[in-house]
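**Q** Whatever this is, show me its structure:
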Amino acid sequence: GGKTVTVVFELPHNEAYFSELAKKLKSLCGTGGSFKNNMIEIQGDHREKIKAHLEKLGFKIKMAGG
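**A** Residues are numbered from 1 along each chain as shown. Modelled structure (predicted):
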């Protein structure tokens, strides 16, 4: 417990796409993570890296927390 995770949430329903995207983000960040309950969780604080990657894919990003 108490470890930092980066969470991508409020995703449209498309389990296959976001499951694959979670794999790419884990690889990009060099860490573990998962896709469940329509959310992608990546271990560690990778907000900026993930934000930049998702914006390249055309997603509109709103940062929360900090």
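
**Q** Sketch out the low-pLDDT regions of the chain for me.
**A** Applying pLDDT under 70 to the chain picks out residues 66.

**Q** and the longest helix for it?
**A** Among the segments of the chain that qualify as a helix by DSSP state H, the longest is helix 15-29.

**Q** Just the CA coordinates for it, please, in PDB.
**A** Taking C-alpha atoms only, helix 15-29 is exported to PDB below (Å, rounded to 0.1, in the frame of the first residue of the first chain):
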ATOM      1  CA  GLU A  15     -12.300  -2.900 -23.500                       C
ATOM      2  CA  ALA A  16     -10.200  -4.400 -26.300                       C
ATOM      3  CA  TYR A  17      -8.700  -1.100 -27.300                       C
ATOM      4  CA  PHE A  18      -8.000   0.200 -23.800                       C
ATOM      5  CA  SER A  19      -6.600  -3.100 -22.700                       C
ATOM      6  CA  GLU A  20      -4.100  -2.900 -25.600                       C
ATOM      7  CA  LEU A  21      -3.400   0.800 -24.800                       C
ATOM      8  CA  ALA A  22      -2.700  -0.200 -21.200                       C
ATOM      9  CA  LYS A  23       0.000  -2.600 -22.500                       C
ATOM     10  CA  LYS A  24       1.600   0.200 -24.600                       C
ATOM     11  CA  LEU A  25       1.600   2.600 -21.700                       C
ATOM     12  CA  LYS A  26       3.200   0.100 -19.400                       C
ATOM     13  CA  SER A  27       5.900  -0.400 -22.000                       C
ATOM     14  CA  LEU A  28       6.300   3.300 -22.500                       C
ATOM     15  CA  CYS A  29       6.800   3.900 -18.800                       C
END
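
**Q** Relative to the whole chain's centre, how far out is stretch 13-26?
**A** Offset of stretch 13-26 from its chain centre (C-alpha atoms, centre = their mean, to the nearest Å): 9 Å.

**Q** cool, stretch 28-40 as well?
**A** Relative to the centre of its chain, stretch 28-40 is centred 6 Å away, using C-alpha atoms, centre = their mean.

**Q** Start the count at 57 instead of 1 going forward.
**A** Yes, from this point I'll number from 57; that puts the last item at stretch 84-96.
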